[in-house]
Structures are given as structure tokens and as C-alpha cells.
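Novice: can you look at this prediction? I've put the sequence above it.
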2 protein chains.
Amino acid sequence: MLSEFELIAAIRERLALAGAPRVVPGLIIGSGDDAAASDRAGATVVSVDALVEGVHFRMPPFEPRDVGHKALAVALSDLAAMAAEPREAYVQLGVPEDLPDEGVLEVADGVGALAGACGIAVAGGDVSRAAQLFLAVTVVGEAASADSLVRRAGARAGDLVAVTGELGGAAAALLTLERPELVRALDPVVAERLRRRQLDPQPRLEAALALQRTGARAMIDLSDGLGADAAHLAAASSVAVRIELEALPLQDGVREVAAAAGLDPVDLAAAGGEDYELLVALPPEREEQARAAVERLGLELTVIGAADAGAGAELRSAEGVRPPAGFDQMRRRVRRSSE
Amino acid sequence: MLSEFELIAAIRERLALAGAPRVVPGLIIGSGDDAAASDRAGATVVSVDALVEGVHFRMPPFEPRDVGHKALAVALSDLAAMAAEPREAYVQLGVPEDLPDEGVLEVADGVGALAGACGIAVAGGDVSRAAQLFLAVTVVGEAASADSLVRRAGARAGDLVAVTGELGGAAAALLTLERPELVRALDPVVAERLRRRQLDPQPRLEAALALQRTGARAMIDLSDGLGADAAHLAAASSVAVRIELEALPLQDGVREVAAAAGLDPVDLAAAGGEDYELLVALPPEREEQARAAVERLGLELTVIGAADAGAGAELRSAEGVRPPAGFDQMRRRVRRSSE
């Protein structure tokens, strides 16, 4: 077993081998001093997110590398939702006794590979013993100015509400990871894409910048579930957000998994959460430009509703209106937004 | 039991009631969006630190309020060690099932009171279920420029090495908290001061700025233990740091507790860690000015050694030289710096 400082040294080495840069724009002091330091002209954007074993993931099906990837991805997704460019990450790691040093280094592989892909430095962190594996991640990003950030507030009545990519995949995958028989009818490529959506979500950093440049008025990432996140955006913007459930772009395989499980696929897309796509409010005249900009990145942009005068989020289908829902981290169950 | 969002709302309220400001210089977007944002002219300084129940503290003797205070204090101590001015904190909280909501809010009281005393905003965070209570804290500070930060590197052969305040108190207090009979011989005021040193350490933020202004060349905070931290400073500065153990300023009561426990009080001061004082390297001609500046803050500055050509930290007494030691978080035991 490595000592604390040996383990930290080995983690740093694995982060670099996995591709995490040591130098990024503006970073003056990186890992190894009492604190890191940067000097940048624009606005500094900070977000934190934690993944806890047994709450946010289980091993298996998660491998240590997936845990590292996902912890950084969900934190970066919050920077994307502001249209900030990511620069640095800080990782605080809780390590249970039964996770061998090599498992810890595989967590670092997952962090380092995504950091490399996004061009960000891991500029600090620590390790500690813990009863369960946890990663508490801090990400620091940059924007040209505070005015260029896209907040949750800013949507206006009459705006279109759109979503990047596809929904329901993360929730469907969670079902198949818990009940492998649900995946038998699926094309193996489709099944594997579902699985990667849950294990290795991709933060929509470039799509967020494209949406900001084409006039996004408000934005949030879909972590809690479309219904809950639409309610957050509605509350911050003092508008009503009306979502047409028939319009939701379902990921391939979601209908099949829902059918096999006896569930409504729209529930997986609207309440499941963890898809880490972007929900954006746009002036209607910007729709074509925004769609084209997102398509150039290989993603779809789908209009799923609109902002109106009023309050709250409303999920509508031919059968009527349902209340928005999301996952409650404290009660470990789906919550209704009225709670 | 409160839901996740209700708990977050209640935490925000308690942070404000405890005195944490919502507005601090440069903070543009505080808690409540996908990320916080700031716009500041100088360098941005970031550090992270986690406290985990059963590893860094036990309850009792720690009350939830102490845990909140200490988690923020140890993170701020790293900003102090850079001579940065603190601006914001982000708190990620893991909450075990057996900690009632009121306990969580008392943790927030501890965070909020110290945030208020230091004039910093709690600009973000999250809560999650966990097997044990943990706080993963991120602190963001500011300095006029990157050049005004005091790093671990920078000490030169011939510099004095000095320490703020008094040492050994945190380690002696830990002994008395585990073995209350050790404290019977102590004056109750002295015993209580020891106890507060362990439960409620004070980050030396103002002393750090005073030392920076009077020409500090290198600085580190004493978290791992004087021996281990002196070795870090020596390695970063490419000098040898020689500490005279007879010169260590022991906190009142440390000798008595050590005697009752059959230990050497110097070991508590040199290897115990958690005193969160500052170890600083200064040009000899700045000694009087630095001492006076620190004394104006009600603290002592004690010269305990010097930097020489060479490498490593050397702890010397009349009996000879001992290797530097610190606490290994992964092996849960005192480590030697040669590990």
C-alpha cells in the first residue's frame, strides 16, 4: 500500500499519462503548493459536484475509470451550462480500505483522459480514507466577461425552449445495468451507447459556447431530470416553461427498454435525469442559426417547448399535464417539484 | 426529514443567519445558478481540503458546529499560507442517515460563523447521502498579482525560519479528548484553550498578509506536522531547513499533557500537526519588522531555525537530530518523511 504522499505522486503521474495538461492558459501555480493560482482577464466561473459510491454509482457496473470520468464530466456540465470555458479541476478523493491503490490510479486515468480531451489541468486535490469511494470535484472556468455568461435567469415569454442531443438514455441504461434481461432485445451497438451514456456522460461544452454565440438567453444542464431542471430555469427567469412531451428526442433504445420494463419511455426522459444535455431558452428568430451551430458539432438541437408568462414548469402530452419530477439525493427517490 | 432542495434552502438561511455575507468584492453570481462567477483584477487563488468523520474527527468530541468551523478553517489556512485574501467558499457535504437535519444545519452554523468572521461568501455547494459525515471545501482567494503570493519555494540559504503562535496544542488536545484523565492536572482555562485549538483552529489570514508585506520569502501552514511541512518547504525551495527543537513555542498545557501521557512534548509540537500556524522563511534583516507586525495582531512570531545550503528538514535538539515526521492520512499513522 502506498503512503499518502506516494499515492498523490502516483496519481499526478497517471493524470499526466492519461493526457491531462500541466499548463493551461492563465494558470500560474499548479499542483504542489498550498494552493493553485491563476491570472485571467475575464470572469472566473466556479462549480462543485460530488459523486458518492452507493448513492450516485455502484461498482460494478461502474469501473474506477468510469467513476473518475463521470465525476469530472458532471462538474464540467455545470460550467457548460454557463457557457464558460473550462480551465482547471480540483479533485478530493475519499478512498475505502477495500479499493487497492491500482483502483485509485484507474480513477485518475478516467479523470485525466477527460481532462486531456477538454484541455484542462488538474491543479490540486487531496486523498483521504473514507467508508465509501467519493470524488468531490471543483471546476474553474473562464468567460470573456460576466455579461457573456448564460444564466438560468434570462428566459422571456415567447422564447423557444430547446434541448441538445437525446434524452432518457441515462435512466434507461441504469435500468439495464440493474436488470440485464431488459437489454436482450436491443441491438448490441444501441445497448452499448445507452451504457456509455450512464457511465461516461459527455459535458456539452462546445455546444454551450455555440448556443451562447447564437443568442441563448437562459441555460441549465439536465442533471436532476428535465422536469425539475425546467422548473429551476422557470423559477430563476420568472416565466412558465411549457414542455411538449411528444417532442422529446428519445435516445435509441429508450422505448425498447421502457417497454421491457413496463414503463413509459417519456418518464425516463422527463424524470430520469443524468443525461447532461443542455436545456436552453432562445429567441424564436435564432432557432435556425442555433440549430445549425449545434449540428456542426455533430449534435441535434430539438425545440421541445416554449416560455410563457406565468410560473413553473408544465410537462404536457395528449393525455394531459404531469408535474415535473427529479431525483432526491437525500431521500434517494424520485421527488416531485412540489416538495 | 427535509428533501434535498429544502435542506439546501435551510442551509443557505442558516449560513446567512450565522453571519456569512451574500455579497463580497468581485462576486457577480453567487449561490443558486449552475456555477458561481467572479470578476477580479488580480490573481485568483484556489485550494481544496476535506474533513472525513472517523478519519479527521469523531463526534463526540466534535459537535457538528465544530466540524463546519474546522473544515472551512483548514481550507482557509492554505490560502493564508499563500498570503491570499479569501473571498468565497464552496462546501460539498456528505450526510449520514443518522445525522438529523438539525445536525446538518449546525454544521452550516459553524461554516457560516467563520465565513462571517473572515468576510467570505459561501457561493455554492451540494449535499448528498454518505456513509459518514464529510465536508469537501473549496476556497477561492485573491491577491493583487501573482508576484505578491508567497510560495513554498523562495527560501534562500541564510534566511531565518520562524513560526507564528504556539505549537503542540492540537496534538495535546487530541490526547485529552481521547483520554480525559490527562487533563485533570490542568488549569481549566488552559485545558479549554487546548480543546479549542483542536476543535476550532484559526486560519492565520491576517498574520500571513503582514508577513508577506514584511518580506516573507516562503511560507507553508502547519497541517501535517512541523517536521513534514518543513521538509515540504525545504524541497520546494531547494534548501535545508534546520529547526532547533528547544526554540519551539509550546502552547500552555502541552508539557503537562505530555508528561501525564509519558510522551515528549516536543514530539507533540514537531510531529502532531493540525496547529495551523504558519512556518515562514524571512531574510534575517526583516526579523524585527515581521515580529512587530505579527505582534500587532496579538500573535507571537518565534524564530525556530534557519535555511542553509543543502536539502531536507533537520530537527535538532541537545540530544541529537531526529527525522521529520507527520501523519499519514492513508495509513492512519505517523509517517516519516523518508517514506
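Specialist: Thanks, I have it. Numbering: from 1, shown residues only, chains lettered A, B, ... in the order given.

Novice: would you mind listing what in the stretch 151-300 of chain A touches chain B?
Specialist: Residues of the stretch 151-300 of chain A lying near chain B by CB under 8 Å from any CB of the partner chain: A:151-153, A:219-221, A:236. Heads up, the C-betas are built off the backbone N, CA and C, glycines and all.

Novice: so which elements touch the strand or helix carrying A:V257?
Specialist: Per DSSP states H and E: A:V257 is located in helix A:254-261. Where contact means 3 or more CB pairs under 8 Å, 6 or more residues apart in numbering or on different chains; DSSP states H and E, helix A:254-261 is packed against helix A:169-178, helix A:265-271.

Novice: okay, the ones you listed in TSV with mean pLDDT and distance to A:E97 next?
Specialist: Output for these, formatted as TSV (pLDDT from 0 to 100; distance: least, CB to CB, whole Å):
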stretch	mean pLDDT	distance to A:E97
helix A:169-178	93	25
helix A:265-271	92	36
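
Novice: so which of those comes closest to A:L17?
Specialist: Of all these, helix A:169-178 sits nearest to A:L17, with 28.7 Å by CB to CB.

Novice: next SSE after that closest one?
Specialist: helix A:188-199.

Novice: which parts of that next one are buried?
Specialist: Judged by neighbour count (16 or more other CB atoms under 10 Å in any protein chain shown), helix A:188-199 contains these buried residues: A:190-191, A:193-195, A:197-199.

Novice: with stretch A:27-46 instead?
Specialist: Neighbour-count burial for stretch A:27-46 [16+ other CB under 10 Å]: A:27-40, A:42-46.

Novice: endpoints of it, how far apart?
Specialist: 15 Å (CA to CA, to the nearest Å).

Novice: quick check, distance from it to the centre of its chain.
Specialist: Distance of stretch A:27-46 from the chain centroid (CA atoms, centre = their mean, to the nearest Å) equals 23 Å.

Novice: please see if it touches chain B.
Specialist: Yes: using CB under 8 Å from any CB, we find that stretch A:27-46 touches chain B at A:28-29, A:32-40, A:42-46.

Novice: narrow these to those in helices?
Specialist: Using DSSP state H to define helices, no part of the residues of stretch A:27-46 next to chain B is located there.

Novice: from those residues, which has minimum pLDDT?
Specialist: Checking pLDDT across these, the minimum falls on A:G32 at 90.

Novice: and the residue of chain A found nearest chain B, which of the three is it?
Specialist: Distances between chain A and chain B by CB to the nearest CB are smallest at A:A136, namely 3.3 Å. At A:A136 the chain is in strand, as set by DSSP: H, G, I helix; E, B strand; the rest coil.

Novice: what pLDDT does the closest residue to it other than its chain neighbours get?
Specialist: Spatial nearest neighbour of A:A136, chain neighbours left out: B:A136 (3.3 Å); criterion: CB to CB, 6 or more residues apart in numbering or on different chains. Predicted confidence (pLDDT) at B:A136: the value is 98.

Novice: what is B:A136 paired to in the beta sheet?
Specialist: Beta bridges link B:A136 to B:A50, B:Q92 when assigned by DSSP bridges.

Novice: A:S31 now?
Specialist: A:D33.

Novice: quick one: contacts for it?
Specialist: A:12, A:121-125 (CB atoms under 8 Å, 6 or more residues apart in numbering or on different chains).

Novice: please repeat the previous calculation with a cut-off of 7 Å.
Specialist: Shown in contact with A:S31 (CB atoms under 7 Å, 6 or more residues apart in numbering or on different chains): A:12, A:122-124.

Novice: before we move on, the earlier item: B:E319 is nearest to which of the helices and strands packed on helix A:254-261?
Specialist: B:E319 lies closest to helix A:169-178 among those, at 61.2 Å (CB to CB).

Novice: list the buried residues for stretch A:57-77?
Specialist: By 16+ other CB under 10 Å, the buried positions in stretch A:57-77 come out as A:57, A:61-77.

Novice: quick one: which of these sit in helices?
Specialist: The helices, defined by DSSP H, take in A:64-77 from these.

Novice: let's have these in JSON lines, adding distance to A:A247 and pLDDT.
Specialist: What follows is those, written out as JSON lines (distance: CB to CB, whole Å; pLDDT from 0 to 100):
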{"residue": "A:P64", "distance to A:A247": "38", "pLDDT": "98"}
{"residue": "A:R65", "distance to A:A247": "35", "pLDDT": "98"}
{"residue": "A:D66", "distance to A:A247": "31", "pLDDT": "98"}
{"residue": "A:V67", "distance to A:A247": "34", "pLDDT": "98"}
{"residue": "A:G68", "distance to A:A247": "35", "pLDDT": "98"}
{"residue": "A:H69", "distance to A:A247": "30", "pLDDT": "98"}
{"residue": "A:K70", "distance to A:A247": "28", "pLDDT": "98"}
{"residue": "A:A71", "distance to A:A247": "32", "pLDDT": "98"}
{"residue": "A:L72", "distance to A:A247": "31", "pLDDT": "98"}
{"residue": "A:A73", "distance to A:A247": "26", "pLDDT": "98"}
{"residue": "A:V74", "distance to A:A247": "25", "pLDDT": "98"}
{"residue": "A:A75", "distance to A:A247": "29", "pLDDT": "98"}
{"residue": "A:L76", "distance to A:A247": "27", "pLDDT": "98"}
{"residue": "A:S77", "distance to A:A247": "22", "pLDDT": "98"}
